[in-house]
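Asker: A predicted structure for the sequence below; I have some questions about it.
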Amino acid sequence: MKKHFTATAYIAAKINGEFRVLLHRHKKLNLWLGIGGHIEKDENPVEAVIREIKEETCLEVALIGDKLFKVDDVEELIRPVALLEEHLPPYKSEPAHYHIDLIYFAICKNPQKIKMAEEFNWFSKKDLQKLKLEKEVRYLIEKLFKYV
């Protein structure tokens, strides 16, 4: 079965004095997820997740993590907080496949500038208690709230 490399960010922003996380309802899977997509052939995972965030939300974000060194032509990239292998079911003419998903956390300073075609929301911790989420998504969001 084919495997595609993807990058996803769970984005936090302080709204009305409390941190919230941005989730969108994925149109194919009908699940609440972070923002992300496929890594293109000419980009690294960090570039991919930043591009996907900009394309899908029009937001500027800063990834959370350390970039420890750059020496000559070698630069350490911000490490993902998780690396997941996700099985995706068939969809229309697209066969079942896997995503190798590099998960990042990010902070957004201007959440009011968001523009998204898909359904989205900035969820508070309280909102998340009532929301049906996949186990790994809930785990990642709980971990994100420990960082911010």
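Answerer: Sure, I can see it.

Asker: which element follows the helix or strand of the chain with the lowest mean pLDDT toward the C-terminus?
Answerer: The weakest-scoring helix or strand in the chain, judged by mean pLDDT, DSSP states H and E, is strand 70-71 (a mean of 80). Toward the C-terminus, strand 70-71 is succeeded by strand 74-75 as the next helix or strand (DSSP states H and E).

Asker: Gly36 sits in which helix or strand?
Answerer: strand 35-38.

Asker: nope, Gly65 is what I meant
Answerer: Counting by DSSP H and E, Gly65 is part of no helix or strand.

Asker: quick one, what contacts Leu83?
Answerer: Going by Cβ atoms under 8 Å, 6 or more residues apart in numbering, Leu83 touches 100-103. Using the backbone N, CA and C atoms, a C-beta is placed for each residue, glycine as well.

Asker: try 6 Å
Answerer: By Cβ atoms under 6 Å, 6 or more residues apart in numbering, Leu83 lies in contact with Leu102.

Asker: what do you get for Leu63?
Answerer: Per Cβ under 6 Å, 6+ apart, neighbours of Leu63: 78, 104, 106.

Asker: residues near the last one, how many?
Answerer: Looking back up the chat, that one is Ala106. Neighbourhood size, Ala106 [other Cβ atoms under 10 Å]: 24.

Asker: ok, it touching Gly65?
Answerer: No: counting by Cβ atoms under 6 Å, Gly65 is not a contact partner of Ala106; they are 9.4 Å apart.

Asker: still on that earlier bit, residues contacting the strand holding Gly36, please?
Answerer: By Cβ under 6 Å, 6+ apart, strand 35-38 touches 4, 6-9, 49, 52-53, 56.

Asker: among these, which one lies nearest to Asn110?
Answerer: Ile53 (12.2 Å; Cβ to Cβ).

Asker: report all helices and strands that the host helix or strand of that closest one contacts.
Answerer: Taking DSSP H and E as the criterion, Ile53 maps to helix 45-57. Packed against helix 45-57 by the contact rule (3 or more Cβ pairs under 6 Å, 6 or more residues apart in numbering; DSSP states H and E) you find strand 3-15, strand 35-38.
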